[in-house]
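Student: requesting a structural model of the entry that follows:
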Amino acid sequence: MSKMAAVMESGEDAFKQLFKFYKRRKPPPDFSDVIDFSGKVCTGKVDPIQLSPRAVSDAAASSVGLRPVRDWRAFGLQGFPGFIFISNPFQRGSQPFWIRQCLKTYPQKPNVCNLDMHMSPCDTKDIWERSVHSLSSPSAPRRHEKSLLERLRWVTLGYHYNWDTKLYSADNYTPFPADLQSLSQQITLGCGFSDFRPQAGILNYYRSDSSLGIHVDESELDHSRPLLSFCFGQSAVFLLGGKQRQDPPTAMFMHSGDVMVMSGQSRLLYHAVPRIVPSPPGLLTSELQNPPSPPNQQNQNTPTEKSSVLEPVSERDWTVCLGYIQSSRINVTVRQVLGAEQNFPHS
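Tutor: Residues are numbered from 1 along each chain as shown. Purely as a prediction, here's the structure:
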């Protein structure tokens, strides 16, 4: 019997028991039952998935830093219809742009973050610039006081999620980032979803001791659309359960660049992140060792080509980003809140 099976043998709230098992520090948990899609997947639970390479041109994929869809490694889990795991479809050198967007651009006003709850707008106006000095020298002795960027826990985009009411509203909205919209639509097109409209985003920022409790994402008014999840930086153990909170979950690693698409029956399953773990040796350095070079301008005037949304990341900016992700993880979830011709109910 595996150690994971032994943990759940009692049958009492199997999800909570496994969450505690992977979260514990002493003794450290055994990760041998955690599925790792970055290598050779041998478990009987995993099936390769054929995507839709003709739905996304190579130029469109490259414009957001993705490899051609035919080169993506996508998997499904037996017993979890609608769940798709794409093992790092990003081109080498393109993740730095998205990491910089998550740390420098998306936390800026008019978007909303957790620091707004207890700080004045003038204090949170430029989180990045107020954190640059602290994170530019990661090898220097750290102060006891964390920078604003290190105190960041969440940012909301588009229709802003209300953490108290767990609702969205028409009145609490700012324009959804065009670059993240384009990235999300190329991913969903490659997975066979032709009409996905990104309308809300939640960015979660994890330190090495962070976790995300057991929950289900059901606040969106239309559950027929997929939910996307992007991972950048350090790795995480992700638990995917069933429709009931106590259903035993399946554990898998999410590494930097990995993408999950939850649709169909998997859209409303319980899930959690009990632990952040260091990325496998060499995995981050091979993908993030250099800032991306300027986008290729060749043929961008040709109608069939798509201009890149990627921008070069300056050495200064990338130094700050590296100082952050050496011990942290960023997760981005993108959702469609409203279905076609659907509106928010009148209050």
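
Student: phi first, then psi, for the one residue sitting closest to the centre of the chain.
Tutor: Closest residue to the average C-alpha location of the chain: Phe230 at 2.5 Å, with C-alpha atoms, centre = their mean. Note on Phe230: its backbone torsions stand at phi -110, psi 140 [degrees, to the nearest 10].

Student: can you get me a residue count around the closest residue to it other than its chain neighbours?
Tutor: Leaving aside its chain neighbours, Phe230 sits nearest to Val332 (4.3 Å; criterion: C-beta to C-beta, 6 or more residues apart in numbering). All C-beta atoms are positioned from the backbone trio N, CA, C, and that covers glycine. Look at Val332: counted by other C-beta atoms under 10 Å, it has 23 neighbours.

Student: number of residues surrounding Gln95?
Tutor: 24.

Student: Ser219 contacts Lys166, doesn't it?
Tutor: Yes. Applying C-beta atoms under 8 Å as the test, Ser219 and Lys166 come out as touching, 5.2 Å apart.

Student: now for Leu167, how many residues are close by?
Tutor: When neighbours are defined as other C-beta under 10 Å, Leu167 has 16 of them.

Student: that one and Arg245, how far apart?
Tutor: Going from Leu167 to Arg245 by C-beta to C-beta, to the nearest Å gives 21 Å.

Student: now Ile49
Tutor: Noted for Ile49: a distance of 27 Å to Arg245, by C-beta to C-beta.

Student: before we move on, back to that, quick check: beta-bridge partners of the residue nearest to Phe230?
Tutor: Leu203, Phe230 (DSSP bridges).

Student: on that earlier part again, now do the contacts for the residue nearest to the centre of the chain.
Tutor: Phe230 is in contact with 98, 258-259, 331-334, counting by C-beta atoms under 8 Å, 6 or more residues apart in numbering.

Student: with Arg70 instead?
Tutor: With contacts defined as C-beta under 8 Å, 6+ apart, Arg70 is in contact with Pro53.

Student: SS state for it?
Tutor: When classified by DSSP: H, G, I helix; E, B strand; the rest coil, Arg70 comes out as helix.

Student: and for Leu284?
Tutor: Leu284 is classified as helix under three-state DSSP.

Student: now it: how far from Pro96?
Tutor: Look at Leu284 and Pro96: by C-beta to C-beta, they are 11 Å apart.

Student: neighbours of Tyr22, how many?
Tutor: Neighbours of Tyr22 using other C-beta under 10 Å come to 26.

Student: more neighbours: which of Ile49 and Arg245?
Tutor: Set side by side, Ile49 and Arg245 show more neighbours around Ile49, with 17 against 14, by other C-beta under 10 Å.

Student: doesn't Gly76 make contact with that one?
Tutor: Yes. In this structure, Ile49 is within contact of Gly76 by C-beta under 8 Å, at 4.9 Å.

Student: okay, now the nearest residue to Leu66 once chain neighbours are set aside: neighbour count?
Tutor: Among residues not flanking Leu66 along the chain, Pro89 sits closest, at 5.1 Å (C-beta to C-beta, 6+ apart). As a burial measure, Pro89 scores 23 neighbours (other C-beta under 10 Å).

Student: ok, Ser52 next?
Tutor: Residues near Ser52, counting by other C-beta under 10 Å, number 15.

Student: also Pro226?
Tutor: 25.

Student: contacts only, for it.
Tutor: 82, 188, 191, 193, 196, 261-263, 267, 336.

Student: pull the CA atoms of the host helix or strand of Ala251 into PDB?
Tutor: Secondary structure assignment for Ala251, by DSSP states H and E: strand 250-254. Listed next in PDB are the C-alpha coordinates belonging to strand 250-254 (Å, rounded to 0.1, in the frame of the first residue of the first chain):
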ATOM      1  CA  THR A 250      -5.400  13.100  -7.100                       C
ATOM      2  CA  ALA A 251      -2.000  14.900  -6.500                       C
ATOM      3  CA  MET A 252       0.100  16.400  -9.300                       C
ATOM      4  CA  PHE A 253       3.000  18.800  -9.700                       C
ATOM      5  CA  MET A 254       2.600  22.100 -11.400                       C
END
